[in-house]
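Trainee: Need coordinates for the following:
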Amino acid sequence: MPYKILGKKEMAMNEIWYRLQAPHVAKKVKPGQFVVIRAFPTGERIPLTPIKWDGGEGWIELVTFVRGKTTMKMANDLKPGDEILNVAGPLGNPAPMKKFGKILAVGLITGMVEVFPIAKAWQEFGNDVTTLHVTPNPMILLKEDFEGAVSRHIIEGFDLQEGWGMNEIAQELVKRAVAKVKELLESEHFDMVFTVGPAGGQKAIFNVVKEYGIPMESDLHPIMVDATGMCGACRVTVGGEVKFACIDGPGFDAYNVDWDELVHRTGFYAPMERLALEHYLKQIQADGGDQ
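Mentor: Residues are numbered from 1 along each chain as shown. Below is the predicted model:
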């Protein structure tokens with residue numbers, strides 16, 4: 001069945017919000033679960049986390065970070081009224097809903113999108129949730145939503161400097177995240193830390209958190225293909241055992257994750273992803289586009 005785009009807008013720099021008609025997902029999805037979408041007949045499958053949904057009206061809201069060929073083509077070509085070919089889900093396990101106490105939930109860049117429904121549900125369950133968004137200033141998003149959903153929302157933003165590429169942004173991101181998390185853990189008590197974002201940043205945060213012995217859960221984002229446990233692409237080593245992020249996760253105990261392996265595998269296809277994007281941009285230019 002086709003899935004109509006009910007709304008679309010740019011929420012922040014390189015971050016596109018979509019509202020999709022997907023009643024089978026909207027009726028069943030829980031905080032922490034995800035969907036896999038395929039927008040074009042020859043397009044890749046992309047895992048995305050619903051941030052809001054309405055089971056009665058049958059819609060879900062998603063945000064893409066425009067960083068590769070498919071997300072850029074979606075941003076350029078799709079408009080309200082168009083249809084997404086496939087939306088599979090809900091997939092993965094819901095986040096555990098229980099009384100943890102005082103929680104620090106950290107999202108790096110667009111990882112904050114996935115933090116939102118979980119942090120909101122934890123707060124509603126009776127926890128005291130502080131959310132921390134570490135991001136370049138032009139990419140701040142969902143600020144008002146967080147402020148209305150949790151006890152406290154903190155933004156650790158930074159300006160982008162001329163000449164910076166992804167490496168420089170990633171370095172500044174990790175530096176800011178580590179410093180802010182350490183500052184918060186030094187000044188007050190937390191019963192649990194939760195993280196979403198690039199594997200390298202999550203590893204760096206874990207190295208700080210473990211010094212305090214605080215429990216930490218992380219949503220992991222390894223390479224994912226079918227998202228139903230058949231392909232094995234999203235395998236991660238947790239507690240010395242191979243797990244699949246799609247069916248065993250995406251949330252795992254950070255103390256049991258083999259972070260070095262995860263960071264290494266996450267970048268495996270980066271050269272091919274760059275080539276695909278370069279080819280797409282050349283096609284746009286050949287067709288008379290201005291990108």
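
Trainee: Now for Leu185: which residues touch it?
Mentor: Taking Cβ atoms under 8 Å, 6 or more residues apart in numbering as the criterion, Leu185 is in contact with Leu104, Val208, Val209, Tyr212, Ile214. Backbone N, C-alpha and C define where each C-beta goes, glycine included.

Trainee: Out of those residues, which is nearest to Ile154?
Mentor: In terms of Cβ to Cβ, no member of the contacts of Leu185 lies closer to Ile154 than Leu104, at 9.3 Å.

Trainee: For that closest one, pull up the helix or strand it's in.
Mentor: If you go by DSSP states H and E, Leu104 is part of strand 102-108.

Trainee: In the longest helix seen in the chain, which of the residues would be classed as buried?
Mentor: Using DSSP state H to define each element, the chain has its longest helix at helix 166-187. Using 16 or more other Cβ atoms under 10 Å as the test for burial, helix 166-187 gives Ile169, Ala170, Glu172, Leu173, Val174, Arg176, Ala177, Val178, Lys180, Val181, Leu184, Leu185.

Trainee: can I get those in a markdown table with pLDDT and distance to Asp191?
Mentor: Below are those laid out as a markdown table (pLDDT from 0 to 100; distance: Cβ to Cβ, whole Å):
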| residue | pLDDT | distance to Asp191 |
| --- | --- | --- |
| Ile169 | 85 | 31 |
| Ala170 | 86 | 29 |
| Glu172 | 91 | 29 |
| Leu173 | 91 | 26 |
| Val174 | 93 | 24 |
| Arg176 | 95 | 24 |
| Ala177 | 95 | 20 |
| Val178 | 96 | 21 |
| Lys180 | 97 | 19 |
| Val181 | 97 | 15 |
| Leu184 | 97 | 13 |
| Leu185 | 97 | 12 |
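
Trainee: where does the stretch 1-150 of the chain dip in pLDDT?
Mentor: For the stretch 1-150 of the chain, applying pLDDT under 70 flags the ranges 1.

Trainee: Repeat the analysis, applying 80 as the threshold.
Mentor: 1-2, 67-68 (pLDDT under 80).
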